[in-house]
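J.: Sequence below, structure please.
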Amino acid sequence: EVQLVESGGGLVQPGGFLRLSCAASGFTFGSYDMSWVRQAPGKGPEWVSAVDSGGGSPYYADSVKGRFTISRDNAKNTLYLQMNSLKPDDTAVYYCAAKPNWSVDYLYWGQGTQVTVSS
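T.: Predicted coordinates:
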């Protein structure tokens, strides 16, 4: 059974930091490109960050560039998102997603973890 399980969300003050994790199982993690996607209340999904199957070619949305860092540990089948200098606009549910590195379609999605940035 394929699973993507996010963790690490929570309530943080503006300027604070969080580290999200996404634990993968049931597929060959090292052959999949991975992404973080977020959805704020009342808004559409936003592609936040992505990394290829080998951990290279990181992508960041302009809204998080310089503040967020994506990484992965293929030995642990885990994807990470280090989020620094958090802003209230970063409040959203954060999802991890996986696609085979030969495909353009994301096949697997996690259930999401809530991040709330508020004083």
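J.: what about the residue nearest the centre of the chain, which SS state?
T.: Residue closest to the average C-alpha location in the chain (C-alpha atoms, centre = their mean): residue 36, at 2.8 Å. Three-state call for residue 36 (DSSP: H, G, I helix; E, B strand; the rest coil): strand.
J.: try residue 5
T.: Following three-state DSSP, we place residue 5 in the strand state.
J.: Equivalent analysis for residue 89, please.
T.: Applying three-state DSSP: residue 89 is helix.
J.: then stretch 86-103 to CSV, C-alphas only?
T.: C-alpha atoms of stretch 86-103 as CSV (Å, rounded to 0.1, in the frame of the first residue of the first chain):
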residue,chain,number,x,y,z
LEU,A,86,7.4,32.2,8.5
LYS,A,87,4.7,34.7,7.6
PRO,A,88,1.0,34.6,8.2
ASP,A,89,0.6,34.1,4.4
ASP,A,90,2.3,30.8,4.8
THR,A,91,-0.7,29.5,6.7
ALA,A,92,-2.1,26.5,4.8
VAL,A,93,-2.4,22.8,4.7
TYR,A,94,0.8,21.4,3.2
TYR,A,95,0.8,18.3,1.1
CYS,A,96,3.6,16.2,-0.3
ALA,A,97,3.2,14.6,-3.7
ALA,A,98,5.2,12.0,-5.7
LYS,A,99,5.5,11.3,-9.4
PRO,A,100,7.7,8.8,-11.2
ASN,A,101,10.8,10.6,-12.6
TRP,A,102,9.7,9.5,-16.2
SER,A,103,6.2,10.9,-15.9
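J.: picking that back up, who does the residue nearest to the centre of the chain form a beta bridge with?
T.: Beta-bridge pairing for residue 36 (DSSP bridges): residue 49, residue 96.
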